[in-house]
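S.K.: Predicted model, plus sequence, below.
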Amino acid sequence: MFKSTLTLILVLVLLVMLSLTGILEAQEHKVVVMVSIDSLAAIIRDLSLDNVEIVTLIPEGAEPHSYQVSPETLEEARKADLFVFTGHLVFEKKLASLLPEIPVLQIDEENYFGKYKLETLELPDGRRNLHAYWLYPDNALAIAKAVVDKLIEIDPVNAEKYLKKLEEFKDKVRRIKQYITKIAEFYGVKNMSVIITFPGEQYVAYTMGFTIAGMLSKGEGVFASGAELSEIKSKLEKGYAKIIMASDVSRMLNVGKFIEDLSRETKTPIAYVRLIGSKDLTYSDLLMYNIGVIIGAFSSTTMGKSAVQSRTILPTAIYALIASLVIVIAVESYLLYVRSKYR
């Protein structure tokens with residue numbers, strides 16, 4: 001009797017230990033999410049837990065459209081539990097075909113990301129604009145939902161934590177949208193006309209409520225025609241378009257050489273927004289930075305005009321410029337600090 005009771009107790013203890021070991025292993029399991037580009041990865045950073053490792057495949061400073069899959073990248077990619085792709089870059093298709101066993105989240109032909117519909121804009125020739133669509137906050141929220149669905153599928157033990165992170169992200173997106181509305185109203189930039197230099201900037205302009213008065217580049221290697229350039233220049237000279245919105249991507253392309261000359265000739269400021277982002281920025285940081293550089297560029301036009309007209313500078317223009325500079329300097333300082341810390 002005593003022997004059987006002891007045996008039963010030992011069996012129960014072993015079962016409990018095995019159960020606990022399984023739970024601990026599940027909790028400690030590292031989920032590796034590999035993402036094409038830093039600005040898309042910024043969304044996932046806001047959703048991840050300590051056991052989620054986010055790897056950006058395109059190195060910082062590389063031009064996304066010309067990036068090629070190296071043997072080292074392929075070897076690294078084998079460790080992924082999930083790919084989160086733009087659905088637009090050439091190397092993504094190659095990587096997905098070489099590693100078909102790894103699930104992929106990306107935009108499809110009907111604009112779905114997972115089971116959530118995205119809003120895409122059209123290029124002048126009627127094609128879908130698949131450049132940086134995730135920088136439109138509503139799209140970022142849909143992408144976040146799709147990623148959380150997949151993370152719960154891969155790591156069900158932490159389902160409640162992922163859902164909590166998603167609610168926090170929803171709140172951030174809501175507050176960012178409210179902030180943009182207030183900024184646009186306060187500075188009177190809603191429906192402002194701008195010239196953009198690369199398709200990805202269209203989503204930044206759309207988020208701010210701007211009107212696109214012209215597009216210098218319609219994609220990789222597709223430059224505006226001579227007639228279109230002449231019209232763009234005329235709109236800038238006449239003040240119809242208030243700023244030139246350029247980006248970290250357009251700086252890497254042939255159009256980048258033309259932007260500075262156009263700005264100088266037409267006396268129009270440039271707002272250099274970030275489409276690629278940085279591994280040290282969250283999604284909120286990235287949007288706030290872009291708002292800062294846009295308001296800074298707009299403020300410089302306001303200050304210039306007020307100085308010419310009345311030889312004084314409007315106080316609101318000064319406040320706008322200071323506010324935007326504070327945002328930009330804060331983000332840039334943070335990036336410099338992080339990079340120096342881990343050098």
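M.R.: That came through, no problem.
S.K.: which residues of this protein score low on pLDDT?
M.R.: Along the chain, segments meeting pLDDT under 70 span 1-28, 220, 301-343.
S.K.: Look at Ile244 and tell me its secondary structure.
M.R.: strand (DSSP: H, G, I helix; E, B strand; the rest coil).
S.K.: count of neighbours near it?
M.R.: Counted with other CB atoms under 10 Å, residues neighbouring Ile244 total 26. Any C-beta I mention is one placed from the backbone N, CA and C, and that applies to glycine too.
S.K.: Who is it paired with across the strands?
M.R.: Taking DSSP bridges as the rule, Ile244 bridges to Ile195, Ile270.
S.K.: try Glu53
M.R.: Note on Glu53: beta-bridge partners by DSSP bridges are Val32.
S.K.: what about it, neighbour count?
M.R.: Neighbours of Glu53 under the rule other CB under 10 Å: 14.
S.K.: List the contacts of it.
M.R.: Glu53 makes contact with Lys30, Val31, Val32, Val33, according to CB atoms under 8 Å, 6 or more residues apart in numbering.
S.K.: quick one, what contacts the last one?
M.R.: It stands for Val33. 44, 48, 52-55, 80-84, 147, 151.
S.K.: before we move on, back to that, filter the contacts of Glu53 down to the buried ones and express that as a ChimeraX selection.
M.R.: Entered in ChimeraX, the line below selects the buried ones among those, by 16 or more other CB atoms under 10 Å:
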select :31,32,33
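S.K.: Let's have the contacts of Val33 in TSV, adding secondary structure and distance to Glu122.
M.R.: Listed next are those as TSV, based on DSSP: H, G, I helix; E, B strand; the rest coil; distance: CB to CB, whole Å:
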residue	secondary structure	distance to Glu122
Ile44	helix	27
Ser48	coil	33
Val52	strand	35
Glu53	strand	37
Ile54	strand	31
Val55	strand	33
Ala80	coil	33
Asp81	coil	35
Leu82	strand	30
Phe83	strand	27
Val84	strand	24
Val147	helix	26
Leu151	helix	32
